[in-house]
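Novice: Predicted coordinates and the sequence they were generated for:
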Amino acid sequence: MNRVLLSISLLACMLAASCRSVQPPAPYGACPSPQQTAWQRMEMNMFCHFGPNTFSGKEWGDGTEPDSLFNPSDLDCDQWAAVAKEAGMGGIIITAKHHDGFCLWPTNQSPHSVAGSPWRNGQGDVLRELDEACRRAGIGMGVYISPWDRNHPAYGTPQYNTVFANTLREVHQSYGPLFEQWLDGANGEGPSGKKQQYDWALFHSTVFDINPRVVFFSDVGPGCRWVGNEEGRAGETCWSTLDTEGFTPGAGAPSPDTLSRGNRGGERWVAAEADVSLRPGWFYHDNEKPKSVQELLRIYYASVGRNALLLLNVPPDQRGHIAEGDSIRLMEFRAALDSIFATDLAQGARVSASNRRGKAFQPKHVLDSSYHTYWAVDDSVLTPVLTLTFSRTRRFNRVMLQEYIPLGQRVSAFHIDYQAADGSWHRLAQATTIGYKRLLLTPTVEARAVRLHIDASLAPPVINRIALYNDTLYEP
């Protein structure tokens, strides 16, 4: 009996060792850093455009606005953070300095700031209050700091690059750590009538020396990229990789179409961020109303559902509050998302595949809740098939797919078939890229089984998740 037990034990050890010996797939191409992966997993963040324009009614101030114009009557950053968290946002990015040059903190780099405002008797600091509020709420904080400055007298001279680098240094040393640094390429004339030749390398190195984990936003990253429009819409094909050589933010950026699609096999990982405002304008205006829940769901499917992060602008009002109607609309939006994605109808399915890469990477991992488990295939397999079979028919009209992006983005074409109650198979959907997350809007079907066919891939596919949902709220 002891020999039998010994033999069984040895066999179990050999099998375990065999499983451990199967290595994970090698990373393919450009891959995200851990902070870029964490950034994409936030999925939605809040943008807050706030500054002198909030009080002047303008969208772009000209830099001549007096400091005294900025005077919120009841600034409450805890309210902003609470609204953002309840809406499911991972963080808030604030316009710490817009093109008018006004700084929402008491800066040593410019005479145009809250220090000259009557708000808090010139002792106020919006960034400090927001930083502390975000910490209390358990969400991240990022900053938009415009390099274009329509007020600073040094703008348009070599000296200004040092001023701007010092501005970035001041903010990143004083607040945070900040999860994202927004740098757009806006480059108009300053008070001298001159434009600035930006030293992007200096700006990047200044911030990275202080905060190496920050995700830099611009048309060409290096952390994440503008999606090419302000409609919250990524391309139907959306690669997280981008060829950036020879391009710069602003006028030297890739075309909007390239930004929305990315580059297949691009040299750098620069995922798309889709920015859009809850209201028609970016700053608060009394006469504007927020988008409907239907519009917000459309935006969600076209951004998060196409491998982009959604940055939704929610502008505080002249009190320094998120307006009640905006807050209510965000809660309605959150409730709709929670309802749509409450029940994963793929759960309980029997999962099989045409190939698997050992026990550690078996097909059933596409149904579990762990982000770091996935189905993978042998190195020689580029077009595998995975099948979900149900004990009874499932009714659904949304399909969610996710690749395990720490190993790179791989799938370039796929289609999905379903088996009807009578046993016949039918095409349900087809598309190109998956990336971090792909949400497919399909006809409502009753299925006994669902089959994912990878039709083309740059490297052996690595699928992290498959889920099915029935959306009765959004009508495309």
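Specialist: That came through, no problem. Numbering: from 1, shown residues only.
Novice: Please make it C-alpha for all contacts and neighbour counts, starting now.
Specialist: Noted.
Novice: The chain - how does it break down into domains?
Specialist: Following automatic domain parsing, one gets these domains for the chain: 34-340, 350-469.
Novice: Out of those, flag the one nearest A26.
Specialist: domain 350-469 (7.0 Å; C-alpha to C-alpha).
Novice: now the end-to-end length of the closest one.
Specialist: Chord length of domain 350-469, first to last residue, is 17 Å (C-alpha to C-alpha, to the nearest Å).
Novice: next one: stretch 248-257
Specialist: Stretch 248-257 has an end-to-end distance of 16 Å (C-alpha to C-alpha).
Novice: Tabulate the domains of the chain in JSON lines, adding columns for mean neighbour count, distance to A26 and mean pLDDT.
Specialist: Shown next, in JSON lines, are those (neighbours: other C-alpha atoms under 10 Å; distance: least, C-alpha to C-alpha, whole Å; pLDDT from 0 to 100):
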{"stretch": "domain 34-340", "mean neighbour count": "20", "distance to A26": "16", "mean pLDDT": "97"}
{"stretch": "domain 350-469", "mean neighbour count": "19", "distance to A26": "7", "mean pLDDT": "98"}
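Novice: Where do the helices of the stretch 1-150 of the chain begin and end?
Specialist: All helices of the stretch 1-150 of the chain, identified by DSSP state H, counting those that start in this stretch, fall at 2-21, 34-42, 52-56, 77-86, 126-137.
Novice: just how off-centre is the last one within its chain?
Specialist: Chain-centre distance of helix 126-137: 21 Å, with C-alpha atoms, centre = their mean, to the nearest Å.
Novice: so what secondary structure elements neighbour that helix?
Specialist: In this structure, helix 126-137 packs against helix 77-86, strand 91-97, strand 140-145, with contacts taken as 3 or more C-alpha pairs under 8 Å, 6 or more residues apart in numbering; DSSP states H and E.
Novice: nearest to Q419, of the ones you listed?
Specialist: helix 77-86 (38.9 Å).
Novice: what's the angle between the closest one and helix 126-137?
Specialist: In terms of direction (axes from the mean of the first three to the mean of the last three C-alpha atoms, to 10 degrees), helix 77-86 departs from helix 126-137 by 50 degrees.
Novice: Tell me which residue is most central in the chain.
Specialist: In the chain, the residue lying closest to the centroid (C-alpha atoms, centre = their mean) is L309, at 2.2 Å.
Novice: pretty sure that one is touching Q36, no?
Specialist: No: using C-alpha atoms under 8 Å, L309 makes no contact with Q36, being 11.1 Å away.
Novice: and of the helices and strands packed on helix 126-137, who's closest to H321?
Specialist: It's helix 77-86; of these, that one is closest to H321 (C-alpha to C-alpha) at 6.8 Å.
Novice: what about F203, helix or strand, and which?
Specialist: For F203, the element it lies in under DSSP states H and E is helix 200-210.
Novice: Which strands and helices lie in contact with the next helix or strand after that helix?
Specialist: Remark: after helix 200-210, the chain's next helix or strand is strand 215-218, criterion DSSP H and E. Packing contacts for strand 215-218, counted by 3+ C-alpha pairs under 8 Å, 6+ apart, involve helix 34-42, strand 180-182, strand 224-226.
Novice: how about the ones you listed in a markdown table, adding distance to A84?
Specialist: Below are the helices and strands packed on strand 215-218 laid out as a markdown table (distance: least, C-alpha to C-alpha, whole Å):
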| stretch | distance to A84 |
| --- | --- |
| helix 34-42 | 12 |
| strand 180-182 | 16 |
| strand 224-226 | 21 |
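Novice: Out of the ones you listed, which is closest to S354?
Specialist: Among the helices and strands packed on strand 215-218, the nearest to S354 by C-alpha to C-alpha is helix 34-42 (28.8 Å).
Novice: What residues does L367 make contact with?
Specialist: 346-347, 465-467 (C-alpha atoms under 8 Å, 6 or more residues apart in numbering).
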